[in-house]
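>>> here is the input, now give the coordinates:
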Amino acid sequence: MIPDPVPSLRQLLAFYLDAGVDCALADAPVNRMLDEAPAPAGHEATEPSRAVKPALQAQPAPPPPRSTQPATPDAAIVSAREAAATAPTLEALRDLMQQFDGCALRGTAKQLVFADGNPQAKLMLVGEAPGRDEDIEGLPFVGRSGKLLDLMLAAIGLDRSKVYIANVIPWRPPGNRTPTPQETQICLPFIKRQIELVNPDLLVTLGNPSTQALLGTRDGIMRTRGRWFDYDTGTRTIRALPTLHPAYLLRQPTYKRLAWQDLRAIATALSAASA
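Below is the predicted model of the structure:
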């Protein structure tokens, strides 16, 4: 048999880094299983007159502090679901989310992006996740796509004082990357509870990710936009309409005509709800 090649020093260092070893505590290994420090050689017995007082005897070094291991995704989902269910108000929900540490995005974002607008509004809009501008200001849809959203709302006689805006993911993913399915599932109980507490008459999902997460469909946004869905909060059913995300419209302005059709449908539904 041909023996395995001996790894180089660089390969060994790379192995230890992958294993999580990123610092050296001492030049020699320490046996943490020993109850007492080993006696020096040649001093197995100590004369009573020269015995060290118990209070001054060397004590074994305490074990290093145990690092807090992140919760598994399944445990984080359960924790988020249990925490969200206990929030009686939007303010309480926001406080719970500020303290929630089950989502790794919280550690990389500048701050929580909870919501904007009127909590008493009949129309609630939900996007996917905050971007750079939202992360800085702590409000959803304040960048370029937010300015376009304001124009879209103004086209049907609405502004932020008449709607409530939030995201499925309340923390910005690093580099504006797409949230992972695990991150979405961990954050999902919070946005669902937010919808329950706002209790709007109409729910609009902006873009494919929020549509799939909240409405349980696997179809793409081009097949779901403009179609009414039923969103069940557990206590009532809310009419929900997917539409194109403003960021997508900035990249594909030719599809604004489709968004305009959806906006007209939203305006008609709001008028009917108010009648």
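
>>> low-confidence ranges in the protein?
Within the chain, the stretches with pLDDT under 70 are 1-6, 9, 11-71.

>>> ranges for the helices of it?
In the chain, the segments counted as helices under DSSP state H are 9-18, 73-85, 90-99, 105-108, 132-137, 144-154, 181-198, 208-215, 221-224, 246-251, 256-274.

>>> verify the stated contact: Gly131 with Pro173.
No. Taking C-beta atoms under 8 Å as the definition, Gly131 is not a contact partner of Pro173, at 9.2 Å. From N, CA and C alone the C-beta is placed, and that goes for glycine too.

>>> show me what contacts Leu90?
With contact set as C-beta atoms under 8 Å, 6 or more residues apart in numbering, Leu90 has these partners: 115, 119, 194, 197-198.

>>> and Ala76, by the same measure?
By C-beta under 8 Å, 6+ apart, Ala76 lies in contact with 102-103, 186.

>>> could you rerun that using 10 Å?
70, 100-104, 182-183, 185-187 (C-beta atoms under 10 Å, 6 or more residues apart in numbering).

>>> any of those buried? List them.
When these are checked for burial by 16 or more other C-beta atoms under 10 Å, the buried set is 100, 102-104, 183, 185-187.

>>> tell me the strands beside the longest strand seen in the chain, with direction?
If you go by DSSP state E, the chain has its longest strand at strand 237-243. In the sheet, strand 237-243 lines up against strand 202-206 (parallel), strand 229-232 (antiparallel) (DSSP bridges).

>>> tell me which of these sits most buried.
Scoring the strands paired with strand 237-243 by mean neighbour count under mean count of other C-beta atoms under 10 Å gives strand 202-206 as the most buried, with a mean of 25.

>>> how about that one as PDB, C-alpha atoms only?
What follows is strand 202-206, C-alpha atoms only, in PDB (Å, rounded to 0.1, in the frame of the first residue of the first chain):
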ATOM      1  CA  LEU A 202     -55.700  43.900   1.700                       C
ATOM      2  CA  LEU A 203     -52.200  42.400   1.600                       C
ATOM      3  CA  VAL A 204     -49.900  43.100  -1.300                       C
ATOM      4  CA  THR A 205     -46.700  41.000  -1.700                       C
ATOM      5  CA  LEU A 206     -43.900  42.700  -3.600                       C
END
